[in-house]
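Undergrad: what follows is a predicted protein model with its sequence.
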Amino acid sequence: MVASRAAFCQAPSAAQAHKAIDRLRAGGDVSDLAGGALLDLGVYPVSFASMVLEPFASVTAVGTKAFTGVDGQASIVVTDEAGAHGVLNTTLFGRTPTTASISGTRARLEIDGHFYGPAAVRLIGRDHELIDTFVPPQLDGGLCYEAARCIAAGRLESDLMPLDETLRIMRVLDGIRPDLGVAFPGE
């Protein structure tokens, strides 16, 4: 594997924006609410890269603050011990296709938008020819299908994303926050 790429970007809803604007008009900022692109949306591309490149040998990030004081955008590069790169993006400033890909020396997998849920996957050859396509069954509710599957099986956690992995991803995100200038009250 040579590289992976994933982006999850979404502008805030009108209700979220109005809440932040009301607070800003009152003379404060909203950075103490622990919001922002990294913790709200960045968990998805970082988790994707972790499934492909884990363990990370290095993590580097740059970002841009929003007018509200939270991180509005982050670009993250992760590497594994073999030298493969994961290029990850997340932003509150606009909407992107939320696609992902995994590239090797002979082919790549392309995952249609919303890569973090059930989505079509295409295997593309080195010369850009379509080799195969997998279209998963239509499942409603985004990521809720995994929680429902675990509950139905009497499981307390997912074997696809166990608690230990969730905590590891959060440690990665916490390690990125200083690169973005993000600190929470009490830190």
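TA: Thanks, I have the structure now. Residues are numbered from 1 along each chain as shown.
Undergrad: now Arg95: how far from Val121?
TA: Separation of Arg95 from Val121 (CB to CB, to the nearest Å): 22 Å. Just so you know, the C-beta spots here come from the backbone N, C-alpha and C atoms, and that holds for glycine as well.
Undergrad: more neighbours: those two, which one.
TA: The residue with more neighbours, out of Arg95 and Val121, is Val121; 18 against 10, by other CB atoms under 10 Å.
Undergrad: leaving out sequence neighbours, find the closest residue to the more buried one.
TA: Phe134 (4.7 Å; CB to CB, 6 or more residues apart in numbering).
Undergrad: and that neighbour, how many neighbours does it have?
TA: Using other CB under 10 Å: Phe134 sits among 11 other residues.
Undergrad: can you list phi and psi of it for me?
TA: Dihedral pair for Phe134: phi -120, psi 130, per degrees, to the nearest 10.
Undergrad: okay, it: pLDDT?
TA: pLDDT for Phe134: 93.
Undergrad: His128 now?
TA: Note for His128: predicted pLDDT of 95.
Undergrad: what lies in contact with stretch 116-134?
TA: With CB atoms under 8 Å, 6 or more residues apart in numbering as the test, stretch 116-134 has contacts from 8, 44, 47-48, 98, 105-113, 135-139, 142-143, 145.
Undergrad: ChimeraX command for the buried members of those?
TA: A single ChimeraX command is used to select the members of the contacts of stretch 116-134 judged buried by 16 or more other CB atoms under 10 Å:
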select :8,44,47,48,98,108,109,110,111,113
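Undergrad: Gly175: what secondary structure?
TA: Assigned state for Gly175: helix (three-state reduction, DSSP: H, G, I helix; E, B strand; the rest coil).
Undergrad: and the strands in this protein, which stretches?
TA: With DSSP state E as the criterion, the chain has strands at 3-9, 56-65, 71-80, 85-91, 100-103, 107-111, 121-125, 130-134.
Undergrad: so of the contacts of stretch 116-134, which ones are in helices?
TA: The members of the contacts of stretch 116-134 that map onto helices under DSSP state H are Tyr44, Ser47, Phe48, Tyr145.
Undergrad: surely the second one touches Leu160?
TA: Going back to what we said before, that points to Ser47. No: counting by CB atoms under 8 Å, Ser47 stays clear of Leu160, with 10.1 Å between them.
Undergrad: the worst-scoring helix or strand of the chain on mean pLDDT: what's the following helix or strand?
TA: Ranking every helix and strand in the chain by mean pLDDT, DSSP states H and E puts helix 14-25 at the bottom, with a mean of 59. Moving toward the C-terminus from helix 14-25, the next helix or strand (DSSP states H and E) is helix 37.
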